[in-house]
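*Asks:* Give me a 3D structure for the following:
(2 chains)
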Amino acid sequence: AQSVSQHNHHVILSEAASLELGCNYSYGGTVNLFWYVQYPGQHLQLLLKYFSGDPLVKGIKGFEAEFIKSKFSFNLRKPSVQWSDTAEYFCAVAHNTGKLIFGQGTTLQVKP
Amino acid sequence: DAMVIQNPRYQVTQFGKPVTLSCSQTLNHNVMYWYQQKSSQAPKLLFHYYDKDFNNEADTPDNFQSRRPNTSFCFLDIRSPGLGDAAMYLCATRKTGGTNEQFFGPGTRLTVL
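*Replies:* Take a look at the predicted model:
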């Protein structure tokens, strides 16, 4: 069965620290990859997505992610986090049926 | 702007009292999804409509039903809400033939008293 694994469940950083959240998926076919963010009390918002082409994808708010096919990974990065980045982050994979499979989420807490 | 709209944003119901959540979309997408998201958990797919075809997830309780009277609207009916059904309910849409991106609505937070 297809699955998505996010390695870090809870990350605590100070402002200006660099961020990398891991995401690995298990599916051998063509995939579309997403990172969603959910700020406290708010709904899911799309941060960035990968469908094809350049494996380094840039999203909103300074986030980027790199698709490494050989490692089945799609890690999220930001060079310098802000307090306002405190949120829950979900990696998701869509395969050819269109069904989205979410990782379990990573809670990011940024200390001012 | 084309979008996915969910009403109401907050819904309070009593234990065992039927409740209906609404989703509408102006994107003209042919696939619509309902997810349940509990606190600090990933969204869990309940079911989806592919055009008029209803597709239930194997582990979705019978207590949850859905209706899609037309392309734009989709309803989630909870026949007898239990305390464990308190959650955020998310509607999403997708258009087949393109990318597999799903567009999410703002969600309805359900409280069961």
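*Asks:* ok, A:Val31 - contacts?
*Replies:* A:Tyr25, A:Val93, A:Ala94, A:His95 (Cβ atoms under 8 Å, 6 or more residues apart in numbering or on different chains). Every C-beta, even on glycine, is put in place using the N, C-alpha and C of the backbone.
*Asks:* How many residues are close by the third one?
*Replies:* The local packing count at A:Ala94 equals 23, with neighbours defined by other Cβ atoms under 10 Å in any protein chain shown.
*Asks:* ok, now which ones touch it?
*Replies:* Going by Cβ under 8 Å, 6+ apart, A:Ala94 touches A:Val31, A:Asn32, A:Leu33, A:Phe34, A:Leu100, A:Ile101, B:Asn100, B:Glu101, B:Gln102.
*Asks:* which of the contacts of A:Val31 sit farthest apart?
*Replies:* Distance extremes for these: the farthest pair is A:Tyr25 and A:Ala94 at 10.3 Å, using Cβ to Cβ.
*Asks:* now the contacts of A:Val31 in a markdown table, with secondary structure, pLDDT and distance to B:Asp51?
*Replies:* Shown next, in a markdown table, are the contacts of A:Val31 (DSSP: H, G, I helix; E, B strand; the rest coil; pLDDT from 0 to 100; distance: Cβ to Cβ, whole Å):
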| residue | secondary structure | pLDDT | distance to B:Asp51 |
| --- | --- | --- | --- |
| A:Tyr25 | strand | 93 | 28 |
| A:Val93 | strand | 93 | 24 |
| A:Ala94 | strand | 89 | 18 |
| A:His95 | coil | 75 | 20 |
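*Asks:* Just the pLDDT for the spatially most central residue of chain B.
*Replies:* Centroid-nearest residue in chain B, with Cα atoms, centre = their mean: B:Trp34, separated by 3.0 Å. pLDDT recorded at B:Trp34 is 97.
*Asks:* Would you mind naming the residues that bridge with it?
*Replies:* Beta bridges link B:Trp34 to B:Phe47, B:Cys91, judged by DSSP bridges.
*Asks:* That one and chain A, how far apart?
*Replies:* For B:Trp34, the distance to chain A equals 12 Å [Cβ to the nearest Cβ, to the nearest Å].
*Asks:* what helix or strand does B:Leu45 sit in?
*Replies:* Counting by DSSP states H and E, the element that carries B:Leu45 is strand B:44-50.
*Asks:* Show me which residues of chain B are close to chain A?
*Replies:* By the rule Cβ under 8 Å from any Cβ of the partner chain, the part of chain B lying against chain A is B:31, B:33, B:40-43, B:45, B:88, B:90, B:92, B:94, B:96, B:99-102, B:104-107.
*Asks:* How about the contacts made by A:Ile68?
*Replies:* Contacts here follow Cβ under 8 Å, 6+ apart; on that basis A:Ile68 touches A:Pro55, A:Phe74, A:Asn75.
*Asks:* Most neighbours of all those residues, which one?
*Replies:* Counting neighbours by other Cβ under 10 Å, A:Phe74 leads the contacts of A:Ile68 with 29 neighbours.
*Asks:* Assign a three-state SS to that residue, would you?
*Replies:* The three-state assignment at A:Phe74 reads strand, by DSSP: H, G, I helix; E, B strand; the rest coil.
*Asks:* That one and A:Ala65 touch, don't they?
*Replies:* Yes - A:Phe74 lies in contact with A:Ala65 (Cβ atoms under 8 Å); the separation is 5.6 Å.
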